[in-house]
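Colleague: Pasting a predicted model and its sequence here:
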Amino acid sequence: MSSKILTKLLNILIGLTLIILLFQVGFAQTNPVNNTFTIKSAILGEDQKVFVYLPKDYEKSEAKYPVVYLLDGEYNFSFTADAVKTLSSWTNRMPSCIVIGITSNNRDRDLTTIPDKSWQPPQPIPAAGGANNFLDYIEKELIPYVDKNYRTQPLRTIIGHSLGGLFAVNALSVKPDLFRFYILLDSSIWWDDGRVAKRAMSYLTSHPNYNGRIAWIRDKIPHEVWFDINTEFLAFLENKRPAGLLFTFTELENETHSSLVFPGTYFGLREIFSDFAFKFEEKTDLAAVQKHYRKLSENYGYSVSIPEQIYNNLSGQLIYLKNFKDAIAAGEAWVKDYPKSSSAYETLGKAYLENGNKELAINSLKKSIELNPENPRAKELLKQVEK
């Protein structure tokens with residue numbers, strides 16, 4: 001893709017960001033919110049509103065899902081949910097996830113750590129210093145509520161922009177087991193003269209077996225004008241991080257600290273799950289697909305299922321290549337993993353038919369129609385095989 005086309009696309013993204021930010025409150029009913037709930041937080045002494053996005057097949061399945069926790073949910077929830085939907089449901093570039101939008105009644109208070117007395121912020125923030133208290137709320141009240149009321153996997157990602165990114169870096173050193181993946185959107189690690197990032201580096205240095213991922217996204221400005229801590233933190237993550245910590249750094253051109261949150265969320269999710277997508281080759285077989293998802297299961301800490309779309313693409317490719325034996329094996333695995341899928345039985349029936357297994361083809365196609373009486377392709381195939 002040429003730089004001109006990329007620039008044009010990024011400008012479009014910026015425009016969409018401004019539209020969303022300007023009209024988010026007035027048109028809240030258009031947000032992809034499956035549910036909202038309020039926690040009466042004993043830790044904070046306040047009511048906390050929470051936004052929830054559920055994957056499209058959540059109600060139809062019994063699957064469990066990783067959870068993306070988003071700070072500043074009252075502002076950034078809508079396009080974050082759309083990014084997750086695009087990358088998971090439409091392109092299989094990340095797993096289907098639940099998205100939890102975390103809100104705050106006082107952002108300056110809840111996302112900042114207590115600064116050292118020798119340091120003063122650029123402008124007075126009287127209520128600053130509540131980050132650890134807010135983190136306690138997330139750990140002891142919010143996450144237990146989400147795990148109790150929704151089907152969740154143990155893999156948790158946190159996304160934070162600006163002071164939210166500072167909060168995420170602080171969480172890494174204060175409660176390192178709470179999240180595995182971190183997306184930092186131009187995080188304000190200059191706060192308190194960089195002490196939060198320095199504590200994170202100290203923790204990672206003393207824990208060489210740490211296993212996690214960080215995607216750091218920021219606007220592209222000359223490194224000469226960076227705060228020193230940004231340079232130090234980047235050098236550490238690029239050259240001295242634990243071997244098990246995967247790190248990517250992305251600078252977005254033609255963006256500002258404020259505008260990058262929209263495209264940065266998409267790119268951050270894409271980077272943090274960069275190993276998720278399966279790449280088909282001419283001789284891809286079921287064993288290669290299964291190997292890929294076994295490796296993902298090891299990396300993510302839970303059993304990652306092969307998506308139906310992957311089974312569909314694999315079976316279709318094998319049938320096209322007239323490799324009917326392997327197509328049947330793929331179809332049988334698909335049916336085993338998704339026993340309520342009409343498409344799985346339809347494709348398996350077609351593979352049986354192409355391989356000359358008429359009786360098995362009829363049984364599979366009838367099962368497909370039983371699961372979905374309106375399936376026209378299965379009906380047409382059944383007519384052909386019963387002639």
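Modeller: Sure, I can see it.
Colleague: where do the strands sit along the protein?
Modeller: 35-41, 46-53, 65-70, 98-102, 152-161, 181-185, 212-219, 245-252 (DSSP state E).
Colleague: strand partners of the fourth one, parallel vs antiparallel please.
Modeller: Strand 98-102 sits in its sheet next to strand 46-53 (antiparallel), strand 65-70 (parallel), going by DSSP bridges.
Colleague: Can you lay out those as TSV showing mean pLDDT?
Modeller: Listed next are the strands paired with strand 98-102 as TSV, based on pLDDT from 0 to 100:
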stretch	mean pLDDT
strand 46-53	98
strand 65-70	98
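Colleague: most tightly surrounded among those strands?
Modeller: Comparing those by mean neighbour count (mean count of other C-beta atoms under 10 Å), strand 65-70 ranks first with a mean of 24. Where C-beta positions appear, they are placed from N, C-alpha and C, glycine not excepted.
Colleague: Just the C-alpha atoms of that one, please, in CSV.
Modeller: Extracted C-alpha coordinates of strand 65-70, given in CSV (Å, rounded to 0.1, in the frame of the first residue of the first chain):
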residue,chain,number,x,y,z
TYR,A,65,-14.1,-15.8,26.1
PRO,A,66,-11.0,-13.7,26.9
VAL,A,67,-11.8,-10.3,28.3
VAL,A,68,-10.5,-6.9,27.1
TYR,A,69,-10.7,-4.3,29.9
LEU,A,70,-10.9,-0.8,28.6
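Colleague: I'd like to know which of the strands of the chain is closest to residue 334.
Modeller: Comparison of the strands of the chain against residue 334 by C-beta to C-beta identifies strand 65-70 as nearest, at 20.2 Å.
Colleague: now the angle from the closest one to strand 181-185?
Modeller: Between strand 65-70 and strand 181-185, the angle comes out at 30 degrees (axes from the mean of the first three to the mean of the last three C-alpha atoms, to 10 degrees).
Colleague: got a list of contacts for strand 65-70?
Modeller: 55, 58, 76-77, 80, 84, 95-102, 138, 143, 146, 150-153, 155-159, 179, 269, 300, 302 (C-beta atoms under 8 Å, 6 or more residues apart in numbering).
Colleague: how about a cut-off of 6 Å?
Modeller: 80, 95-101, 152-153, 155-159 (C-beta atoms under 6 Å, 6 or more residues apart in numbering).
Colleague: Please report how far residue 101 lies from residue 188.
Modeller: As judged by C-beta to C-beta, to the nearest Å, residue 101 and residue 188 stand 20 Å apart.
Colleague: same deal with residue 353?
Modeller: Counting by C-beta to C-beta, the gap from residue 353 to residue 188 is 61 Å.
Colleague: Then residue 255?
Modeller: Here residue 255 is placed at a distance of 16 Å from residue 188 (C-beta to C-beta).
Colleague: between these two, which one's more packed in?
Modeller: Remark: of residue 255 and residue 188, residue 255 carries more neighbours, 24 against 21, as counted by other C-beta atoms under 10 Å.
Colleague: Contacts only, for that one.
Modeller: Applying C-beta under 6 Å, 6+ apart, the residues near residue 255 are residue 219.
Colleague: change it to 7 Å
Modeller: 219, 263 (C-beta atoms under 7 Å, 6 or more residues apart in numbering).
Colleague: same question, residue 293
Modeller: 304, 306.
Colleague: Can you check the pLDDT for it?
Modeller: At residue 293, the model reports a pLDDT of 98.
Colleague: for residue 121, same thing?
Modeller: pLDDT recorded at residue 121 is 89.
Colleague: Distance-wise, check it relative to residue 113.
Modeller: When residue 121 is compared with residue 113 (using C-beta to C-beta), they lie 11 Å apart.
Colleague: do residue 285 as well
Modeller: Distance of residue 285 to residue 113, given as C-beta to C-beta: 52 Å.
Colleague: of those two, who's got more company?
Modeller: residue 113 (21 against 17).
Colleague: Give me the distance between that one and residue 377.
Modeller: Distance of residue 113 to residue 377, given as C-beta to C-beta: 58 Å.
Colleague: for residue 321, same thing?
Modeller: Relative to residue 377, residue 321 is positioned 20 Å away (C-beta to C-beta).
Colleague: repeat for residue 292
Modeller: Between residue 292 and residue 377 the computed distance is 28 Å (C-beta to C-beta).
Colleague: which ones are touching residue 38?
Modeller: 47, 48, 49.
Colleague: Against residue 132, how distant is the nearest residue to the second one once chain neighbours are set aside?
Modeller: Counting by C-beta to C-beta, 6 or more residues apart in numbering, residue 39 is the residue found nearest to residue 48 once chain neighbours are left out, at 4.7 Å. Spatial separation of residue 39 from residue 132 under the definition C-beta to C-beta is 18 Å.
Colleague: Repeat that for residue 239.
Modeller: Taking C-beta to C-beta as the measure, residue 239 falls 29 Å from residue 132.
Colleague: The two: which is more packed in?
Modeller: It is residue 132, of residue 239 and residue 132, that has more neighbours when counted by other C-beta under 10 Å, with 15 against 7.
Colleague: Thought residue 174 was touching that one, still the case?
Modeller: Yes: with contact defined as C-beta atoms under 7 Å, residue 132 reaches residue 174; the gap is 6.2 Å.
Colleague: list residues touching both of these two?
Modeller: Residues touching both residue 132 and residue 174 (C-beta under 7 Å, 6+ apart): there are none.
Colleague: domain parsing for this structure?
Modeller: The chain breaks down by automatic domain parsing into domains covering 3-272, 286-386.
Colleague: Make JSON lines from those and add distance to residue 279 to it.
Modeller: Formatted as JSON lines, the domains of the chain follow (distance: least, C-beta to C-beta, whole Å):
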{"stretch": "domain 3-272", "distance to residue 279": "11"}
{"stretch": "domain 286-386", "distance to residue 279": "9"}
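Colleague: Lowest mean pLDDT across those, which one is that?
Modeller: domain 3-272 (a mean of 90).
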